[in-house]
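Chemist: quick one: sequence plus predicted model below, questions after.
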Amino acid sequence: MKTCKRCGEIKPLDAFARDGTTKSGVGPLCRPCYNAVQQEQRLARAAAEGRTITSRPRRTAPAGFKRCPACGLTLPLAQFALSPTRADGVQGECRGCRAARNREYRARTGTAEKDRHQVYRDANRDRIRADGRRYVKTHRPQVAETASRRRARQASAAVIEKINRATVIARDASTCYLCNRVLTAGEVALDHVIALARGGDHSYANLRVACHPCNRRKGKKLLVEL
């Protein structure tokens, strides 16, 4: 809980505007007060410049949807790229608009940007390799999940969910679903009950905890084929 310095109300932290420079991660003003201050500052700047700002009604989208300001369409949140720094967890523009803007940027800059990156890669090959190895070593679950989603896309899986490895392990009590052995952290593997090669989904419903020997023994087989 925190007290807003403008209205004096005590509110939970998620009711405050974000501020990455503070220890709590939020600013001194709640969101309504922050928005009001921003509006006052915009009106003051416009008045000083002799401009007039006309207020527009705030557009609201149904739950699970968001309006893209670039194309003006209200789309499902799945059509927006993820952004952990935003309140709703997704980017402001939809994937299509962001892709179009990126294509326009690449066409406008030509090969200059690509050449600049290539010069950096040529001059820092050892550093890039070391950073890559360090990332893989310290982010094994994320790397494994990225590889699994890539394999699911290559197999044209009907459902591809973003899986939290710890959630699956906790759900299955860290127990191999094939041999019923309780596993240590280093022994845990996640197995697709119906293999991706056999048309299975990359989803929580199709993933189970398995030990490495059982995972290798099962391979692409169905349970009835073991």
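Modeler: All right, it came through fine.
Chemist: and the longest helix for this structure?
Modeler: Ranked by residue count and defined by DSSP state H, the top helix of the chain is helix 31-49.
Chemist: for the helix or strand of the chain with the lowest mean pLDDT, which strands pair with it and how are they oriented?
Modeler: Sorted by mean pLDDT, DSSP states H and E, the helices and strands of the chain end with strand 16-18, the least confident at a mean of 84. In the sheet containing strand 16-18, its partner strands are strand 26-30 (antiparallel), by DSSP bridges.
Chemist: centroid-nearest residue for the chain?
Modeler: For the chain, residue 82 is the residue whose C-alpha lies nearest the centre (Cα atoms, centre = their mean; 3.8 Å).
Chemist: how close does it get to residue 75?
Modeler: 15 Å (Cβ to Cβ, to the nearest Å). (C-beta placed from N, C-alpha, C; glycine too.)
Chemist: for residue 207, name its beta-bridge partners.
Modeler: Residues found in beta-bridge contact with residue 207 (criterion: DSSP bridges) are residue 192.
Chemist: that one contacts residue 192, correct?
Modeler: Yes - look at residue 207 against residue 192 with Cβ atoms under 8 Å: they come within range, at 6.3 Å.
Chemist: skip ahead from the longest helix of the chain and say which helix or strand is next.
Modeler: Next helix or strand after helix 31-49 toward the C-terminus (DSSP states H and E): strand 65-67.
Chemist: now do the buried residues in the following helix or strand past that following strand.
Modeler: Towards the C-terminus, the helix or strand next in line after strand 65-67, according to DSSP H and E, is strand 74-76. Of the residues in strand 74-76, those with enough neighbours to count as buried (16 or more other Cβ atoms under 10 Å) are residue 75.
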